[in-house]
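J.: Build me a model from this:
(2 chains)
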Amino acid sequence: MNPVFLAVLSIALVWMLLLMLRRGSEEDLLRDVEIGEGSEYMVRLPRRALLDQCLSAEDLDYVQLRNSPVLLRLFLHERRRLAIAWLRQTRREAHRLFRLHVRSVRFAHDLRPAAELKLLCAMGLFALVYAAMLAAVWWYGPLRTRRSLQSIQTLAGILARLVDRIVAAIVPGALPGMPAAAGVSR
Amino acid sequence: MKVASLFMWWAGLALLAGILYRMFSVKLTARFPLFSLYLAVVCSSSVVLLFFLPANTHRYLVAFWVQEFVTAALSFGMFWEVYNEAFAPYPGLRKMARTVLFMLFLAVALRAGLSLWWNPLRTMAAVITEFEYGLRTLQALLLLALLGLVVHYALPLGRNARSLAIGYGLYLGARMVTLNPFFQGGIYSQVWAGLLAQIAWDVATVIWCVGMWSPSATRLPVKSLQCDYERTSRQTIRALGQIRSHLVHSWRS
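T.: From the prediction side, this is the model:
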């Protein structure tokens, strides 16, 4: 028997029991009903203009012109805080939609495990992207994160164009034996 | 240590009898028949075991393991009670829970079968330990899946069923810990493991006693929303994709 497996299973069980206790309260149920009644499946995202304002290069230039390291540090700290708040607002919206889905479909007669799993994967993917963004903003700050993302996007664009050119170069009759090799019999 | 263990044992037995009496007087035995049966069997078999003392004889060991197997088999009834209470108003979720639990059961059975095929057990002690380990693992996984669905879909669970799940969940967690090889090493650690399991059992009985003191109203859903499942699912997946894309693309200048 694997002691690590046993320990993980025990901890998971206790954690699940605690979750059940926490979520089983009456207040939680009432809150859920309010969520279900008050909002629909309309996505309410935090405005992009807010983030643009937060990442404004003009603001940074202005602060750098003051030539005060303390002010610059304060500025960067505040901008990081704002960027993280923006990210958290996005996460809250995703969670709201997910909870709304869960509360709505639990009454459905034709609930399908595969569809629910697909949704869980979509939520997992979102959580992964969110965690990566949060970690990047936390470690490098919002301004450097934006620059890094722009570099990655530029690099991805160059690579995509390169692949397109390679494909365009090799496709016309360069590999005559391909259909037979792929098992196509005529 | 021996006195403490004996005291715990008697306290647990007294609490069990108390729960049974209380459940019978407030007519909870009809609502939770399998749980009542489980408690009754545990209580009566513990008393019957007294007639097989002293504990180091062969007949006591046989009686002890027969009692263990019977109560372990009956403890699965508790899962049925929680499942019944939590999923009754949700036919779709009920079906899904059945599918998930069946697949889990199949996976554990397959793993146990394969493990037995490759490593045949040679001694009785190994058989018993392996059996208990497999059983507790299966129970823990089933309870985890059941509670996972209850938590994920925020299903309202009455006080009675909640106390049932919490009590048995805590006992199961403690039993899994005591099955750890660290506790199986020597005589001294085995005594501690026994005491820990006994304490966990007593805590579970206290939780059941409090939870089953009076019948709680069945917590039915506040309102039943009928929705087009296909459409709702599609909409949520699309919305999540939209949020993900917004999260990344907003950082472009």
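J.: end-to-end on stretch A:101-117?
T.: Stretch A:101-117 has its terminal residues 13 Å apart, counting by Cα to Cα, to the nearest Å.
J.: Check which residues of that stretch are buried.
T.: A:101-108, A:111-112, A:115-116 (16 or more other Cβ atoms under 10 Å in any protein chain shown). For the C-beta atoms, the positions are set from N, CA and C on the backbone; glycine is no exception.
J.: gap between B:I166 and chain A?
T.: 5 Å (Cβ to the nearest Cβ, to the nearest Å).
J.: Using the three-state scheme, assign the closest residue to chain B within chain A.
T.: Distances between chain A and chain B by Cβ to the nearest Cβ are smallest at A:L111, namely 3.3 Å. Secondary structure, DSSP: H, G, I helix; E, B strand; the rest coil: A:L111 is coil.
J.: Name all residues that make contact with residue 149.
T.: Answering for chain A, as no chain was given. B:248, B:251-252 (Cβ atoms under 8 Å, 6 or more residues apart in numbering or on different chains).
J.: Can you look at chain B instead?
T.: By Cβ under 8 Å, 6+ apart, the contact set of B:L149 is B:86-87, B:93, B:96-97, B:100, B:155.
J.: now B:R252
T.: So B:R252 contacts A:149-150, A:153 (Cβ under 8 Å, 6+ apart).
J.: do that again at 7 Å, thanks
T.: B:R252 makes contact with A:150, A:153, according to Cβ atoms under 7 Å, 6 or more residues apart in numbering or on different chains.
J.: again, but for B:R59
T.: B:F52.
J.: how far away is it from B:A40?
T.: 23 Å (Cβ to Cβ, to the nearest Å).
J.: Chain neighbours aside, what residue packs nearest to B:G194?
T.: Spatial nearest neighbour of B:G194, excluding adjacent residues (Cβ to Cβ, 6 or more residues apart in numbering or on different chains): B:S5 at 6.6 Å.
J.: pLDDT score for that neighbour?
T.: If you check B:S5, the pLDDT there is 75.
J.: Can you name the residues in contact with the helix or strand where it lies?
T.: Here B:S5 sits within helix B:2-25, counting by DSSP states H and E. In this structure, residues lying in contact with helix B:2-25 by Cβ under 7 Å, 6+ apart are B:29, B:36, B:39-40, B:42-43, B:46, B:194-195, B:198-199, B:201-202, B:205-206, B:208-209, B:212-213.
J.: let's go with 8 Å and repeat that
T.: Contacts for helix B:2-25 (Cβ under 8 Å, 6+ apart): B:28-29, B:32, B:36, B:39-40, B:42-43, B:46-47, B:191, B:194-195, B:198-199, B:201-202, B:205-206, B:208-209, B:212-213.
J.: Just the buried ones from those?
T.: B:28-29, B:32, B:36, B:39-40, B:42-43, B:46, B:194-195, B:198-199, B:201-202, B:205-206, B:208-209, B:212-213.
J.: quick one: which of those residues sit in helices?
T.: Among the buried ones among the contacts of helix B:2-25, the residues falling in helices (DSSP state H) are B:36, B:39-40, B:42-43, B:46, B:194-195, B:198-199, B:201-202, B:205-206, B:208-209.
J.: Which pair of the residues you listed spans the longest distance?
T.: Distances among these were taken as Cβ to Cβ; the most separated pair is B:S36 and B:L195, at 27.9 Å.
J.: so where does residue 166 fall, helix or strand?
T.: Because you didn't say which chain, this covers chain A. Using DSSP H and E, A:I166 sits in helix A:142-170.
J.: ah, no, chain B please
T.: Going by DSSP H and E, B:I166 is in helix B:159-178.
J.: Go through the ones in helices among the buried ones among the contacts of helix B:2-25 and name the one nearest B:L164.
T.: Among those, and counting by Cβ to Cβ, the member closest to B:L164 is B:W208, at 6.8 Å.
J.: For chain B, which element, helix or strand, carries the lowest mean pLDDT?
T.: Each helix and strand of chain B was given a mean pLDDT (mean pLDDT, DSSP states H and E); the minimum falls on helix B:181-184 at a mean of 61.
J.: Would you pull up the residue in chain B closest to chain A?
T.: For chain B, Cβ to the nearest Cβ, closest residue to chain A: B:G92, 3.3 Å.
J.: Phi and psi next, for the nearest residue to that residue once chain neighbours are set aside.
T.: Spatial nearest neighbour of B:G92, excluding adjacent residues (Cβ to Cβ, 6+ apart): A:L111 at 3.3 Å. Dihedral pair for A:L111: phi -60, psi 130, per degrees, to the nearest 10.
J.: how about low-confidence regions in chain B?
T.: B:1, B:116, B:119-130, B:180-190, B:219-227, B:253 (pLDDT under 70).
J.: same thing but 90
T.: B:1-20, B:22-32, B:34, B:42-165, B:168-202, B:211-242, B:244-253 (pLDDT under 90).
J.: Kindly report the residues of the stretch 1-150 of chain B close to chain A.
T.: B:90-93, B:95-96, B:99-100, B:133, B:137, B:140-141, B:143-144, B:147-148, B:150 (Cβ under 8 Å from any Cβ of the partner chain).
J.: are any of those buried, and which?
T.: If you count burial by 16+ other Cβ under 10 Å, the buried members of the residues of the stretch 1-150 of chain B next to chain A come out as B:90, B:92-93, B:95-96, B:100, B:133, B:137, B:140-141, B:143-144, B:147-148, B:150.
J.: Can you lay out the contacts of B:L149 as TSV showing secondary structure?
T.: What follows is those, written out as TSV (three-state DSSP):
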residue	secondary structure
B:A86	helix
B:F87	helix
B:L93	helix
B:M96	helix
B:A97	helix
B:V100	helix
B:L155	coil
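J.: burial measure for residue 5, as a count.
T.: Picking chain A for this. As a burial measure, A:F5 scores 11 neighbours (other Cβ atoms under 10 Å in any protein chain shown).
J.: should've been chain B
T.: Neighbours of B:S5 under the rule other Cβ under 10 Å: 14.
J.: ok, B:L179 - how many residues close by?
T.: So B:L179, with other Cβ under 10 Å, has 21 neighbours.
J.: make that A:V43, sorry
T.: Count around A:V43 with other Cβ under 10 Å applied: 15.
J.: Just give the nearest non-adjacent residue to it, would you?
T.: With Cβ to Cβ, 6+ apart, the residue lying closest to A:V43 is B:A239, at 4.9 Å.
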